[in-house]
Each structure stands twice: as C-alpha cells, then as structure tokens.
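**Q** Dropping a prediction and its sequence here:
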Amino acid sequence: MQVLAESQTDSFVQQVTVGADRVPSVVLFTARQLWELRSFCFDARCGSLLSFDKTHNLGCMFVTVSTYQNLALDRVTSGAPSTFIGLLFIHGKSTTETYNVSFSSIASRLQDANFQVDNT
C-alpha cells in the first residue's frame, strides 16, 4: 500500500503493477534519467549501450538495474565515460509476463527516441 501511495506523490515511482499473484512490480526512474537514456543510448552516431542486470538474493524481491555510459562525463583517471544507473525495476517474480509489463512501460516512454541510422 505504501508503494501505491508513493506512486501518487513521488515522480521517481513511474509505475506500480499488481497482478493476480499480489506481488507488486515497480518501475522507478526520474525524468532526467529518461532524458539521458534518450540522449546517450539512442544516438545513431555515438550511442551508449543500455544494459539490464537482475540482482538476486534480496529476500523475496528482485531488483533489475539498468546502466548506461554518460557520454558527457568522462572519468578523470581513465578518460572513459562514466557508468550511470538508469531505470530500476523491483519485482517479486522473474517471469516473462512480469518483464513484458515493465519493459512495455519503458518502451512506451522511449518510443519517440531517435532511432535513425547514420548512413554516411
């Protein structure tokens, strides 16, 4: 119930889905993270990889974390772009259906991203 209440007031909580199994799935990200994903991961000339990794052993829940390279911020020591945490997905089941609901939500917010390929 607390997560549902947070979804009404906290802009970080983007979606809460509760299925028949009564285990909520929560998609978390900020407007800035979404803007950076669009800017860095969907640039045809120098895009960054968008990676997802499911973390285990967090009790009865899982956290799937996305990461990307912030191409506007280089590390001082190596000169390589810094890796940032992107979208977070908290879920109780790791089924195809659970991932489909969450990734569909993310895809709908990224659908206007520039997917053009530079043919030069």
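**A** That came through, no problem. Residues are numbered from 1 along each chain as shown.

**Q** okay, now T67: neighbour count?
**A** 15 (other Cβ atoms under 10 Å). Where C-beta positions appear, they are placed from N, C-alpha and C, glycine not excepted.

**Q** give me the element it is part of.
**A** In this assignment (DSSP states H and E), T67 forms part of strand 61-74.

**Q** what element comes up after that strand heading to the C-terminus?
**A** Downstream of strand 61-74, the next assigned helix or strand under DSSP H and E is strand 81-91.

**Q** tell me what the helix or strand that that next one is followed by is packed against?
**A** For strand 81-91, the following helix or strand on the C-terminal side (DSSP H and E) is helix 96-110. The criterion is 3 or more Cβ pairs under 8 Å, 6 or more residues apart in numbering; DSSP states H and E, and the helices and strands that helix 96-110 contacts are strand 13-18, strand 24-28, helix 31-41, strand 81-91.

**Q** Most tightly packed of those?
**A** Ranked by mean neighbour count, the helices and strands packed on helix 96-110 are led by strand 24-28 with a mean of 21 (mean count of other Cβ atoms under 10 Å).

**Q** still on that earlier bit, please identify which of the helices and strands packed on helix 96-110 is closest to L110.
**A** helix 31-41 (6.6 Å; Cβ to Cβ).
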